[in-house]
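Engineer: Predicted model and sequence below, questions to follow.
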Amino acid sequence: MSAARQHADPAKTRDAVRVIEGWLRDDTGPAPNRVALAAAVRLTARTLAAAAPGASVEVRIPPFVAVQCISGPRHTRGTPPNVVETDPRTWLLLATGLLQLTEASAAGTVQLSGSRANEIQIWLPLVRLAG
């Protein structure tokens, strides 16, 4: 993976999230186009990986991205012991602070496995939206 793909520029990340902000705040309208949604998901996930470097927890947002984050023992083969998996909209709600990890977990929209998976909440939100 190239360095450009590994790191998210904060301004580009904010801009990508702002493009889909209306949909995040009100899901009754049409979903954003796939390109805009993918950009926001990938950039926010890479922002998490940069803010919490490491490889102890894998965050999966299919079909767009998976990143490793949080320092500690590195996992290299098979299914990682600490995994966070969710859909793109739930991820973006978490990344923007419009939804809390405990709420998403209780609702079943995010799956946390492993003793360290919930540690991502320390770094959330990644992008703060006005209002």
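Structural biologist: It's in. Numbers count the residues shown, from 1 in each chain.
Engineer: any chance you could map the helices in the chain?
Structural biologist: Using DSSP state H, the helices of the chain run over residues 3-6, 10-19, 21-25, 34-51, 88-96, 101-107.
Engineer: List the buried residues of the last one.
Structural biologist: Neighbour-count burial for helix 101-107 flags 101, 104-105 (criterion: 16 or more other Cβ atoms under 10 Å). C-beta: built from backbone N, CA, C; applies to glycine.
Engineer: do the same with the third one
Structural biologist: Buried positions in helix 21-25, judged by neighbour count with 16+ other Cβ under 10 Å: 21, 23-24.
Engineer: on that earlier part again, reformat the helices of the chain into a markdown table and put distance to Asn82 and mean pLDDT next to each item.
Structural biologist: Shown next, in a markdown table, are the helices of the chain (distance: least, Cβ to Cβ, whole Å; pLDDT from 0 to 100):
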| stretch | distance to Asn82 | mean pLDDT |
| --- | --- | --- |
| helix 3-6 | 20 | 44 |
| helix 10-19 | 24 | 96 |
| helix 21-25 | 26 | 95 |
| helix 34-51 | 14 | 97 |
| helix 88-96 | 16 | 98 |
| helix 101-107 | 14 | 98 |
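Engineer: right, so those helices: which one is the most enclosed?
Structural biologist: Compared across the helices of the chain, helix 88-96 shows the largest average neighbour count, a mean of 24 (mean count of other Cβ atoms under 10 Å).
Engineer: Can you tell me what sits against that helix?
Structural biologist: Here helix 88-96 makes contact (Cβ atoms under 8 Å, 6 or more residues apart in numbering) with 17, 20-21, 23-24, 27, 37, 40-41, 44-45, 47-48, 61, 64, 86, 99-101, 104, 109-110, 124-129.
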